[in-house]
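> turn this into a structure:
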Amino acid sequence: MSQCTGLASYPFLVHGTPRLIGLARLQFKSYAQDMRVAISLPESLLHAADAFAQRAGMSRSELFRAAVTDYIEAHKHDHVREALDEVYADQPSQLNAELMQMQLMSLPKENWW
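As a prediction, the model looks like this:
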């Protein structure tokens, strides 16, 4: 098993358990300083991330910052959907037959062929 770039000082992370996990350091912008954190990743994911970062001309930290930022942005409204699901959980989900018929009648007649 080869060592991942940047892990020379942490060989036990690569040479331990076969599916053991590499170390990636993330730097998140805060008010005054970047914060360093250690995360565990499957070695194959770390290799893929390093390869992608190199192709994209960015550092590993830049890649992880961008990925975390995108993930948070993609899920920032999840709580709204969950709240709406809770509010409407007891409401019937079927369309009212009479309303559906009126909607169909309001559509113009068209030939599709």
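
> and Met35, which helix or strand is it part of?
Using DSSP states H and E, Met35 sits within strand 34-42.

> from the contact counts, what lies against that strand?
strand 21-29 (3 or more CB pairs under 8 Å, 6 or more residues apart in numbering; DSSP states H and E). Where you see a C-beta, it was placed from the backbone N, CA and C, and this is true even at glycine.

> now the strand it packs on: mean pLDDT?
For strand 21-29, mean pLDDT is 48.

> may I ask which helix or strand of the protein has the lowest mean pLDDT?
helix 11-15 (a mean of 38; mean pLDDT, DSSP states H and E).

> now do the residue nearest to the spatial centre of the chain against Asp78, distance only.
In the chain, the C-alpha nearest the mean C-alpha coordinate belongs to Tyr71, at 3.9 Å (CA atoms, centre = their mean). Note on Tyr71: its distance to Asp78, by CB to CB, to the nearest Å, is 11 Å.

> got it, and Pro42?
25 Å.

> output stretch 50-67 as CSV, restricted to C-alpha atoms.
Only the C-alpha atoms of stretch 50-67 are listed here, as CSV (Å, rounded to 0.1, in the frame of the first residue of the first chain):
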residue,chain,number,x,y,z
ASP,A,50,-5.7,14.4,-4.3
ALA,A,51,-5.8,13.5,-8.0
PHE,A,52,-8.8,15.8,-8.6
ALA,A,53,-7.2,18.7,-6.7
GLN,A,54,-4.0,18.3,-8.8
ARG,A,55,-5.9,18.2,-12.1
ALA,A,56,-8.0,21.3,-11.0
GLY,A,57,-4.8,23.1,-9.9
MET,A,58,-5.9,23.5,-6.3
SER,A,59,-4.7,22.3,-3.0
ARG,A,60,-6.3,19.6,-1.0
SER,A,61,-7.5,22.2,1.5
GLU,A,62,-9.1,24.3,-1.2
LEU,A,63,-10.9,21.2,-2.6
PHE,A,64,-12.3,20.3,0.8
ARG,A,65,-13.3,23.9,1.6
ALA,A,66,-15.1,24.0,-1.8
ALA,A,67,-16.8,20.6,-1.2
